[in-house]
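**Q** dropping the sequence and predicted coords here.
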Amino acid sequence: MQSENRIFDDLAKMMNGIAGTVAGAGREAEAAMRERAREFIGSMDFVSREEFEAVKQMAATARAEADALKARLDKLEGVAKPAVRKSPAAKTAPKAAPKGGAAPKGE
């Protein structure tokens, strides 16, 4: 009976060793795949999330500033330009007579 316990103990130790080795190999494979993915993405000129968020914030700030400047410019142009008047040519243009040659009522 003592010999059977030793065989099971040795078998358990061997299985633990194999499980540890397999787990270590899995971690190494995962690390290698992550590194290759980083290299692939780096070669594709992708940007990091932090860089994207920074540029997005800069664009939002620039857009708000441009909108503020446009509103200011519109306000200044409104003060500087007088109201648009009709051209004198539009006032002196003859009215077209209706078809049939009859003059319109009231004239």
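**A** Nice, thanks for sending it over.

**Q** mind listing the strands for this structure?
**A** For the chain, strands defined by DSSP state E do not occur.

**Q** any idea how far residue 50 is from residue 8?
**A** Using C-beta to C-beta, to the nearest Å, one gets 54 Å for the distance from residue 8 to residue 50. Where you see a C-beta, it was placed from the backbone N, CA and C, and this is true even at glycine.

**Q** residue 63 now?
**A** Applying C-beta to C-beta, the value for residue 63 to residue 50 is 21 Å.

**Q** before we move on, what about residue 32?
**A** Taking C-beta to C-beta as the criterion, residue 32 is separated from residue 50 by 25 Å.

**Q** for the chain, what spans make up the helices?
**A** With DSSP state H, the ranges of helices along the chain come out as 2-43, 49-80, 88-92.

**Q** next, residue 44: phi, psi?
**A** Torsion angles at residue 44 (phi, psi; degrees, to the nearest 10) stand at phi -90, psi 0.

**Q** burial measure for it, as a count.
**A** Other residues within reach of residue 44 by the criterion other C-beta atoms under 10 Å amount to 7.
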